[in-house]
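S.K.: Here is a sequence together with a model predicted from it:
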Amino acid sequence: MNRPFAESCEQNREPILAVLREVLDESTRSLLEIGSGTGQHAVYFAPEFPHLTWQPSDRLENHAAIEAWMAAHTSPNILPPLALDVLDGAWPDEAYDAAFSANTAHIMGEPAVEAMFAGVGRVLRPGGRFLLYGPFNIGGRYTAPSNARFDQWLRVQDPAMGVRDVEWLTELAESAGMSLQSIRDMPADNKTLCWIKV
């Protein structure tokens, strides 16, 4: 296979899909995915929600991978990927009913995480939901030894990376006009956080 492949996407897609099915009802017509990476999530999830338009996005250097996966797994409700670097401020003008991002907050530096929440707050319609999947701390503490090890490994790769605290993310969300709706436990010591635009 010539396409870039992320094993984590294969491992987490079913549990994430179960959460998306609970949240993305028939009134959800448009979704912006932030940090689509290889594109594996987009091509797997979008066909499950034919009532909505799935908009992948990432930095330009990742578009070839997304487009390769889209070419191999066509779905009429996936749009071509948008060029989006959360730090450059060039967010789409369109408003969305939902936003989704997986395994991004811990590899972004803190300024990028702040920019992501501010941008999501701008593009979400009132009542829209932002779902964020990954490993998170609660109350400043690791939720599992595996997350502690992962956090240490991340910070060796790049001191700007690291497992983020739910409380800090919620402060960012509130500053962007979003309220925490739910925290769902996921396999492999991960969680899906869901905020709603108020």
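M.R.: The structure has been received and is ready for your questions.
S.K.: for this structure, what spans make up the helices?
M.R.: Using DSSP state H, the helices of the chain run over 7-23, 40-45, 63-72, 110-123, 145-157, 166-175.
S.K.: what does the shortest one contact?
M.R.: With CB atoms under 8 Å, 6 or more residues apart in numbering as the contact definition, helix 40-45 has outside contacts at 5-6, 9-10, 13, 16-17, 20, 33, 36, 54, 56, 66, 69-70, 72-73, 75, 78, 100, 102. For glycine as for every other residue, the C-beta is placed from the backbone atoms N, C-alpha and C.
S.K.: So for the protein, which residue is the most central one in space?
M.R.: Computing the C-alpha centroid of the chain and ranking residues by CA atoms, centre = their mean puts residue 101 first, at 0.4 Å.
S.K.: Could you pull up the contacting residues of that residue?
M.R.: Contacts for residue 101 were tallied using CB under 8 Å, 6+ apart; they are 33-35, 116, 130-133.
S.K.: could I get the residues you listed as a markdown table with pLDDT, neighbour count and distance to residue 160?
M.R.: Shown next, in a markdown table, are the contacts of residue 101 (pLDDT from 0 to 100; neighbours: other CB atoms under 10 Å; distance: CB to CB, whole Å):
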| residue | pLDDT | neighbour count | distance to residue 160 |
| --- | --- | --- | --- |
| 33 | 98 | 29 | 23 |
| 34 | 98 | 24 | 18 |
| 35 | 96 | 22 | 15 |
| 116 | 98 | 26 | 14 |
| 130 | 98 | 27 | 22 |
| 131 | 98 | 23 | 24 |
| 132 | 98 | 26 | 18 |
| 133 | 98 | 24 | 20 |
